[in-house]
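Enquirer: Have a look at this fold, sequence not included:
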């Protein structure tokens, strides 16, 4: 368990360009908590937002901005709708990854508590 988290901390540090010989488990915990918050925000009921986004886009296109390229607006809106549809179809996957992060955070906290107990003796 300890080796897993040390390796994960090393990989995260490598991704972020941090140079350290010792794995930083506290930074890893903060990253996992931030990822957890991100995943939690992605668990919205996206299918309920699709009609709102569509109506907003339709209203926007009825009163186009002369300084905006309509073709680019159509492309960006289509990409946004594709992303929302993808998120709405994958809520169970997002929720599962969110739960996995919770398990990792709890296991890491347990490891840190154990290390603190050993160091206090």
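Expert: Yes, it's here. Just so you know, these numbers come straight off a predicted model, no measurement behind them.
Enquirer: Would you map the strands across this protein?
Expert: Applying DSSP state E to the chain gives no strands.
Enquirer: contacting residues for residue 105?
Expert: Each residue near residue 105 by Cβ atoms under 8 Å, 6 or more residues apart in numbering is listed here: 29, 32, 33, 36. From N, CA and C alone the C-beta is placed, and that goes for glycine too.
Enquirer: Kindly report the same for residue 111.
Expert: Applying Cβ under 8 Å, 6+ apart, we find residue 111 in contact with 1, 2, 5, 25.
Enquirer: Show me those residues that map onto helices.
Expert: Secondary structure from DSSP state H places 2, 5, 25 of the contacts of residue 111 in helices.
Enquirer: My understanding was that the second one contacts residue 25; is that so?
Expert: Pointing back at residue 5 there. Yes - contact criterion Cβ atoms under 8 Å: residue 5 and residue 25 qualify, at 6.0 Å.
Enquirer: which neighbours do the two share?
Expert: Where contact means Cβ under 8 Å, 6+ apart, the residues bridging residue 5 and residue 25 through contact with each are 108, 111.
Enquirer: still on that earlier bit, save the contacts of residue 111 as CSV, and put in neighbour count and pLDDT too.
Expert: Formatted as CSV, those follow (neighbours: other Cβ atoms under 10 Å; pLDDT from 0 to 100):
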residue, neighbour count, pLDDT
1, 10, 77
2, 12, 84
5, 19, 89
25, 18, 86
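Enquirer: Of those, just say which sits nearest to residue 100.
Expert: Proximity of the contacts of residue 111 to residue 100 (Cβ to Cβ) peaks at residue 5, which lies at 14.0 Å.
Enquirer: contacting residues for the closest one?
Expert: With contacts defined as Cβ under 8 Å, 6+ apart, residue 5 is in contact with 23, 25, 28, 107, 108, 111.
Enquirer: Mind doing that once more with 7 Å?
Expert: Applying Cβ atoms under 7 Å, 6 or more residues apart in numbering, one finds that residue 5 lies in contact with 25, 28, 108, 111.
Enquirer: out of those residues, which one sits closest to residue 99?
Expert: If you rank the contacts of residue 5 by distance to residue 99 using Cβ to Cβ, residue 108 comes first, at 15.0 Å.
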